[in-house]
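Quick one: sequence and predicted model below, then my questions.
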Amino acid sequence: MFDHVFKPCDIGALTVPHRIVMGAMHLNLETLDDGGAALAAFYTERVRGGAGLIVTGGTAVNGAGAGGPGYGVLDDEDHRSVLRRAARAVHDADGLVALQLFHAGRYALPGEHGSTPLAPSAVYSRFSRTVPRAMTEEEITGTVADFARAARTARELGFDAVEVMGSEGYLLNQFTAPLTNRRSDRWGGDAEGRRRLPVEVLRAVRAAVGTAFPVLFRMSGADLVTDGTPWQETAALAVALAEAGADALAVGIGWHESPVPTVQAQVPPGTWAGYAEGVKRALRGAGHGELPVIASNRFNRIAQAEEALARGDIDLVAMARPFLADAAVVGKSRAGRDASVDLCIACNEACIDRSFGTERVSCLVNPRAGYEREFPRLPARSSLTYRGRYAVIGAGLAGLEAARTLAGLGHEVEVYEAADEPGGQFRMAARVPGKADFGETVRRRVRELAELRVPLHLGHRVGAGDVHLLRTMDGVIVATGVRPRRPELPGLALPHVLDYPRAFADPDALGPRIAIIGGGGIAVDLAHLLTGRSSTAPTREEFLASHAFTTSSRTTPVAGTSGRPAETPRRVTVMRRSGRIGAGIGPSTRWVVMEELRAAGVRLLTDIAYQEITRDGVIVVGADGNRQLVDADHVVLATGQESERDVVATLHRAGVPFETAGGAAGTDGLNAVRATAQGLRAAHRIARNPAPRAKRHAPSSPARPQR
């Protein structure tokens, strides 16, 4: 099934077992005060799941190069100890690991390590929100030496290879782009000068580690910013890197300042492979066709990597976030169980968004990611002193996570869901254009429960008539979710007013003019649904065309003249009393979805007061005190949620210990990331100290509920 993916490949003197590279991810595990235990556990689980070559998150080659407080610096002895432990753990699990050598340049945060960020030239960075300081000649040559010393240290620490980070808008990439390199000395001025620093760094690294130690270089295939590195200079850089001794070229895409999304759910998988293919063709044309080229960005299925490899213009595919979603993505696919892989849905909420701060990186669909030591995965029915019987009430994300966790720990579990379908509010998100994989997450979780022999009782609302059933359980997890909150507003009883679940269930029943009261993530998703075509993502060609590119499957995308999509026939207005619309959406995704709403002609109103709903729409008062009518055929309420906890009283009467998770645990700050994490934690808490049924108090003396 995967004839190309599972062929071994040589990267210099290193033979990797297959063509999937676990790409670099900054995890915020690197600087935890645990001696590197969490980082080692994270990598170990991925190797055991089938990862071949792992590339670590970036380690700064000097203090000025750190991307933030969660980045380790290689001249710190404590961090070297963490890295040594990580390399040893990977080898103990029979894996391979490369250390990424990193310098943030103008993307370093101001004040980190007590200095202004360094860059080729003093050009303002919208990412770090500062004007960096142009590097002196001495600082540039010193940085070259720091990369070389870091590579030598990596070899001494036991790593199998290094990857030099020269993509995604970090320091070496900044030197190649006219936008950020305005120097007139030998480190700038023309194309040869702009590529001098990355080439000199590679030469210095090669000299430091010798010819037998593999050196990968991650270069930018396309900066996707105005005055970024021209394609001709990108191709010339690839050739120069090959001649300077690179053992493989990994091709990254885009800068943090790019106006084009690169890794969000709105980007079709495999969109950017054309740039890596273009690099490979440039190498062939210069007589370096044997040099391995690694494609990356927005592959979330092994089958997509197989398709790209089969075209013959790349040699390997780097997948990063898919290893967060499922540590065994490679192993399951190799065993013919690719339908059981937990897919990365590119939500970015627990991974990329957290990586820019200090919170531990994890995953919405796999909340164990980054917490492998706290929540070890045990073989079913092993190490159990008591096999408990538990009920999970609610089959939304929190309930499904709790159920699979309990079953995976070897307990008997039954799930009860009041609706006729599992998935809770995630079912609604799955209908939004570009979010079809959200529904796949639910389907795969249900399939997993079936494999674990967990009964799923749909259309069963647990209530007072189920007391006898509940008393047969050792514990219950309440994951009953939320119900829509209705504001106090005149006109709510009018027939054209409906709550958001009804709008999601039958969007075609709504008229051409729709007013949405509320501006959170649900309102934004609904607006996308009402203005979009379907939950199916656009094709690669459609996406590139919508962002002013032209391409074919075998050519390198180049800037084109296509415009944005035409406005939709529907007139949708999203309103919020105060604050930004979509404020709860993660920062790496919000700008993308808001731009799509504007392109679709959605009207966005904030800083208003609602007066009443009439038959003609909604009357609001603006900050200037003027009244206006937002005309609408239908008015949809998306004004928040309330916890659904009616079953708690029944559990008290039954005297059964219980935990809550997801919406049932509270609605402040509620999102899908929190829901799945709470499902995981609730399952472990309730199973940690079991109180077998025969030893519990009689129902007349109910056990104290666990919240």
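Here it is on my side, so go on. Numbering: from 1, shown residues only.

now stretch 456-473, how far from the centre of its chain.
Distance of stretch 456-473 from the chain centroid (C-alpha atoms, centre = their mean, to the nearest Å) equals 36 Å.

looking only at pLDDT, what's the mean for stretch 130-142?
The average pLDDT for stretch 130-142 rounds to 97.

Please measure how far the first residue of it sits from its last one.
Chord length of stretch 130-142, first to last residue, is 23 Å (C-alpha to C-alpha, to the nearest Å).

contacts for it?
62, 105-106, 108, 110, 116-125, 143, 183, 185, 187, 197 (C-beta atoms under 8 Å, 6 or more residues apart in numbering). C-betas here are computed from N, CA, C, even on glycine.

Quick check on the residues you listed: which are buried?
Neighbour counting with 16 or more other C-beta atoms under 10 Å marks 62, 105-106, 108, 116-121, 123, 125, 143, 183, 187, 197 as buried within these.

does Y43 count as helix, strand or coil?
helix (DSSP: H, G, I helix; E, B strand; the rest coil).

related to what we said a few turns ago, identify the farthest-apart pair in the buried ones among the contacts of stretch 130-142.
N62 and V123 (21.1 Å; C-beta to C-beta).

what about G520, how many neighbours?
20 (other C-beta atoms under 10 Å).

Please verify my assumption that it contacts G582.
Yes: between G520 and G582 there is a contact at 7.2 Å, judged by C-beta atoms under 8 Å.

next one: phi and psi at the nearest residue to A418 once chain neighbours are set aside?
Distances taken as C-beta to C-beta, 6 or more residues apart in numbering put R461 closest to A418, at 3.8 Å, once the chain neighbours are dropped. Torsion angles at R461 (phi, psi; degrees, to the nearest 10) stand at phi -90, psi 110.

and the gap between R461 and V647?
8 Å (C-beta to C-beta, to the nearest Å).

out of the two, which sits in the more crowded spot?
Ranked by neighbour count (other C-beta under 10 Å), R461 and V647 place V647 first, with 24 against 14.

Let me know whether the more buried one touches I393 as I believe.
Yes: with contact defined as C-beta under 8 Å, V647 reaches I393; the gap is 5.7 Å.

hang on, the earlier thing: restricted to strands, list the buried ones among the contacts of stretch 130-142.
Using DSSP state E, the subset of the buried ones among the contacts of stretch 130-142 located in strands is L118, A119.

Which ones among the buried ones among the contacts of stretch 130-142 lie within helices?
T143, L197 (DSSP state H).

which residues do V647 and I393 both contact?
Residues touching both V647 and I393 (C-beta under 8 Å, 6+ apart): V462, V478, T480.

Quick check: which ranges of this structure have low pLDDT?
Low-confidence segments of the chain (pLDDT under 70): 112-114, 379-385, 533-537, 548-568, 690-707.

that older thread, I'd say the residue nearest to A418 and G394 touch.
No: R461 is beyond contact range of G394, at 10.2 Å (criterion: C-beta under 8 Å).

Phi first, then psi, for the closest residue to E30 other than its chain neighbours.
Closest residue to E30 apart from its sequence neighbours, by C-beta to C-beta, 6+ apart: G72 at 4.5 Å. Dihedral angles phi and psi of G72 (degrees, to the nearest 10) take the values phi -80, psi 150.

Contacts only, for G72.
Going by C-beta under 8 Å, 6+ apart, G72 touches E30, T31, T59, A60, A66, H79, V82, L83.

Strands along the stretch 251-400 of the chain, start to end?
Under the criterion DSSP state E, counting those that start in this stretch, strands of the stretch 251-400 of the chain are mapped to 293-295, 316-319, 389-393.

Is it possible to get TSV of these that adds mean neighbour count and distance to P268?
Below are these laid out as TSV (neighbours: other C-beta atoms under 10 Å; distance: least, C-beta to C-beta, whole Å):
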stretch	mean neighbour count	distance to P268
strand 293-295	28	14
strand 316-319	25	15
strand 389-393	27	35
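
Mind putting those strands into TSV with distance to E421?
Shown next, in TSV, are the strands of the stretch 251-400 of the chain (distance: least, C-beta to C-beta, whole Å):
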stretch	distance to E421
strand 293-295	37
strand 316-319	30
strand 389-393	16
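
And stretch 367-379, what's buried?
Under 16+ other C-beta under 10 Å, the buried positions of stretch 367-379 are P367, R368, A369, G370, Y371, E372.

Mind splitting the chain into its structural domains?
9-355, 389-483+643-695, 486-532+568-639 (automatic domain parsing).

how far away is H26 from N62?
The gap separating H26 from N62 is 17 Å, by C-beta to C-beta.

Same check on M428?
M428 is 48 Å from N62, by C-beta to C-beta.

Kindly report the same for A41.
From A41 to N62 the distance is 28 Å (C-beta to C-beta).

next one: M22
26 Å.

F127 against V225, yeah?
No: contact status for F127 versus V225: not in contact, 11.1 Å apart, counting by C-beta under 8 Å.

Can you name the residues that contact the closest residue to R373 other than its chain neighbours?
Using C-beta to C-beta, 6+ apart and skipping residues adjacent in sequence, the residue nearest R373 is A41, 4.8 Å away. With contact taken as C-beta under 8 Å, 6+ apart, A41 is in contact with A89, E372, R373.

Please give me every residue in contact with V73.
Taking C-beta under 8 Å, 6+ apart, we find V73 in contact with T59, A60, N62, G63, G65, A66, H79.

The closest residue to R603 other than its chain neighbours in helix, strand or coil?
Sequence neighbours aside, T573 is the residue nearest to R603 in space, at 4.2 Å (criterion: C-beta to C-beta, 6+ apart). Assigned state for T573: strand (three-state reduction, three-state DSSP).

and T56, that one's in a strand?
Yes: the assignment for T56 by three-state DSSP puts it in a strand.
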